[in-house]
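Student: need a 3D model of the sequence below.
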Amino acid sequence: PHPVAMADKGIGYEVFVPATFALTIVSNGIIGNKVLGGLSVADVSHLYRTAITPAGYAFAIWGPIYLAGAGFAGYCAMNPEFAAKVGPMMTANLAMNAIWIPMFCAEYQIPSLAVIWAMLGTSTAVWQQVGAPSGPAASIGEWLAVRPFTSLYTSWLSGGFTVAPPPPPTK
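Tutor: Alright, predicted model coming up:
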């Protein structure tokens, strides 16, 4: 069925976007903080140094990104038409985000590199669907809940590749 038709029935992307956002937070929190053992993101980053490796505090940006992501997910939950527009790409992106950290922490560089490139592509597609931060927003809610997330998230993904390219793959 068409995404708008699904949204009208209450089983569409207004549910999928917040659900995959929650999955991302849980997955990244559990794996990234070694709740199940294994390596953390910081551990892997230290194992595979790059020419420019961001300092640990640079990753504090994820607090505001996740906070903005909660606003984005909430906006989708309350706006089925908007969710139908951005939902396919954002749901795919968030699902990939939920599997990226486990792959990265397991040191699967080749698959995790492919996933993060796909995340950048889908995030850029959502950013384009929403519009540039300097362009007109459809509503004040969109300006407050959507633009910060799409801008911060896409910028972080693109900046990560620009500043610190991935190390040579080993797995």
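
Student: ok, residue 117 - how many residues close by?
Tutor: Residue 117: 14 surrounding residues under other C-beta atoms under 10 Å. Where C-beta positions appear, they are placed from N, C-alpha and C, glycine not excepted.

Student: so how far is residue 80 from it?
Tutor: Taking C-beta to C-beta, to the nearest Å as the measure, residue 117 falls 30 Å from residue 80.

Student: quick one, helices of the chain?
Tutor: Taking DSSP state H as the criterion, the chain contains helices spanning 3-8, 13-32, 41-47, 62-78, 80-105, 109-130, 140-145, 147-163.

Student: and the third one, what does it pack against?
Tutor: Using 3 or more C-beta pairs under 8 Å, 6 or more residues apart in numbering; DSSP states H and E as the contact criterion, the secondary-structure elements in contact with helix 41-47 are helix 80-105.

Student: what's the angle from the helix it packs on to helix 147-163?
Tutor: 30 degrees (axes from the mean of the first three to the mean of the last three C-alpha atoms, to 10 degrees).

Student: report the angle between helix 80-105 and helix 62-78.
Tutor: Using the same axes, to 10 degrees: helix 80-105 against helix 62-78 is 140 degrees.

Student: so who does residue 46 touch?
Tutor: If you count contacts by C-beta atoms under 8 Å, 6 or more residues apart in numbering, residue 46 has none.

Student: any idea of the pLDDT on it?
Tutor: For residue 46, the model assigns a pLDDT of 78.
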